[in-house]
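J.: Give me coordinates for this.
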Amino acid sequence: MSEVIALTGATGFVGAELAKQLATTGCRIQALIRPASTWKRPADLAVKWIEGDLADLDSLRRLVEGATAVVHCAGAVRGATREQFNRVNFDGLARLAHSAAAQKPAPRFLLISSLAAREPHLSHYAASKRLGEKVLVEKSDRLPWTIYRPCAVYGPGDRELLPVFKWMAKGIAPVLGSGNARFSLLYVKDLAEAVVQWLNCNCRMSDTFELHDGHPGGYSWHDVIDTFKHLRTRSVVSIKMPMALARLVAVLNLPVSRVLGYAPMLTPGKVRELSHSNWVCDNAALNSATGWTPRVLLPEGLRQTLGRELKT
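T.: Model (predicted):
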């Protein structure tokens, strides 16, 4: 592969895995990194690091200069207000897309969005992801784009699902509400491979694709718990958290986060996302367009993610 890839989010969960896989393909990687980042840059990873952020037009211009493709993984997943999410997921994306469209020729642009964008009314996060997608659609005449909407992604280094999975590995399963809502899951290495497959197919498709691990009908939390029971060969105790209590905690978390100065994960919008009945998706369109198929189902993904923790 002779591609020159401009990559954002390379210090994050998904982006770091993608950078590893891209480095094995022979392509050149130009990745954005904040000047104040304390993330340790892997010495064995052949990456040209561009210091800057999504608010800095000069660093974005240097990032996309000479690139044949842009893969945008960076995004805000924590926050209390619409403005906090829009600052990164809309404004930051708009600047990056503008910088890419100004290149001659313009590179292909892949946005790693979120399945949450399918239901923008649920939360500020979901709304910001949908707004970001619209930025690309409006630039269709100047920028060849593709949007990936992955479902819940997990794997080593994950900070969202991994804490829950670690509790389940110990035999304790926190369950929000009835646990009957259905959702799809995707192992992080499969997502990275889907990006590599997009690069390999060299197609200029202006379309939006959902992707998951291929398990028909997704999972409920009861299905996930049953998987842990099988992997542990021991019981797993469910501890149910009433939805009303989750909403109360989320409401209280907002003023506490302002006082203590942190970006909250559990917000009223996040509770609405978690309680939504259907986050199931379908790979058929992406498979037809790129030939990508996932390889890791939940049992193997949990083994690779948790390792010995499943046996303790």
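J.: all strands of this protein, in order?
T.: 4-8, 28-33, 47-51, 69-72, 108-112, 145-150, 152-154, 172-176, 182-183, 185-187, 208-211, 237-241, 278-279 (DSSP state E).
J.: So which of the ones you listed is nearest W39?
T.: strand 28-33 (7.2 Å; Cβ to Cβ). For every residue, glycine as well, the C-beta is placed using N, CA and C.
J.: Let me have the strands of the chain in CSV, extended by distance to W198, mean pLDDT and mean neighbour count.
T.: As requested, those are arranged in CSV below (distance: least, Cβ to Cβ, whole Å; pLDDT from 0 to 100; neighbours: other Cβ atoms under 10 Å):
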stretch, distance to W198, mean pLDDT, mean neighbour count
strand 4-8, 11, 97, 25
strand 28-33, 15, 95, 22
strand 47-51, 19, 93, 16
strand 69-72, 8, 98, 26
strand 108-112, 6, 97, 24
strand 145-150, 6, 98, 22
strand 152-154, 16, 98, 21
strand 172-176, 33, 94, 17
strand 182-183, 24, 98, 18
strand 185-187, 15, 99, 26
strand 208-211, 9, 97, 23
strand 237-241, 38, 93, 12
strand 278-279, 22, 98, 17
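J.: okay if I get these as TSV plus distance to A263?
T.: Listed next are the strands of the chain as TSV, based on distance: least, Cβ to Cβ, whole Å:
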stretch	distance to A263
strand 4-8	19
strand 28-33	20
strand 47-51	22
strand 69-72	20
strand 108-112	20
strand 145-150	21
strand 152-154	19
strand 172-176	21
strand 182-183	23
strand 185-187	24
strand 208-211	27
strand 237-241	22
strand 278-279	23
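J.: Of all these, which one is nearest F228?
T.: strand 172-176 (7.1 Å).
J.: what sits up against the closest one?
T.: Applying Cβ atoms under 8 Å, 6 or more residues apart in numbering, the external contacts of strand 172-176 come out as 164, 167, 221, 224-225, 228, 236-241, 243, 246, 271, 274-275.
J.: Give me the buried entries from those residues.
T.: Buried residues within those, defined by neighbour count using 16 or more other Cβ atoms under 10 Å: V164, W221, V224, I225, F228, V236, A246, V271, L274.
J.: and which of those is nearest G291?
T.: Distances from G291 to the buried ones among the contacts of strand 172-176, taken by Cβ to Cβ, are shortest for V224, at 29.0 Å.
J.: Quick check, pLDDT for that closest one.
T.: On the pLDDT scale, V224 is placed at 97.
J.: Do you have the helices of the chain handy? List them.
T.: With DSSP state H, the ranges of helices along the chain come out as 13-23, 57-64, 82-86, 93-101, 124-138, 162-169, 188-201, 221-232, 243-260, 268-275, 284-290, 298-306.
J.: Would you pull up how far the longest one lies from the middle of the chain?
T.: Meaning helix 243-260. Offset of helix 243-260 from its chain centre (Cα atoms, centre = their mean, to the nearest Å): 24 Å.
J.: Just the mean pLDDT for that helix, thanks.
T.: Mean predicted confidence for helix 243-260 is 94.
J.: What lies in contact with it?
T.: A80, L176, G177, A263, P264, L266, T267, P268, K270, V271, L274, S275.
J.: The first one against T267, yeah?
T.: Just to be clear, that refers to A80. Yes - using Cβ atoms under 8 Å, A80 is in contact with T267, at 6.3 Å.
J.: With neighbour numbers in mind, choose between the two.
T.: T267 (22 against 19; other Cβ atoms under 10 Å).
J.: quick one, what contacts that one?
T.: Taking Cβ under 8 Å, 6+ apart, one finds G79, A80, S123, H124, A250, N253, L254 in contact with T267.
J.: mind redoing it with 6 Å?
T.: Neighbour list for T267: A250 [criterion: Cβ atoms under 6 Å, 6 or more residues apart in numbering].
J.: Report the separation between it and A152.
T.: Distance, T267 to A152, using Cβ to Cβ, to the nearest Å: 17 Å.
J.: ok, now L60?
T.: Relative to A152, and taking Cβ to Cβ, L60 is found at 29 Å.
J.: residues near the nearest residue to A263 once chain neighbours are set aside, how many?
T.: Take A263 and drop its neighbours on the chain: the residue closest to it by Cβ to Cβ, 6 or more residues apart in numbering is R78, 3.9 Å away. By other Cβ under 10 Å, 17 other residues sit near R78.
J.: Kindly report the same for V256.
T.: The burial count for V256: 11, using other Cβ under 10 Å.
J.: All set now, cheers.
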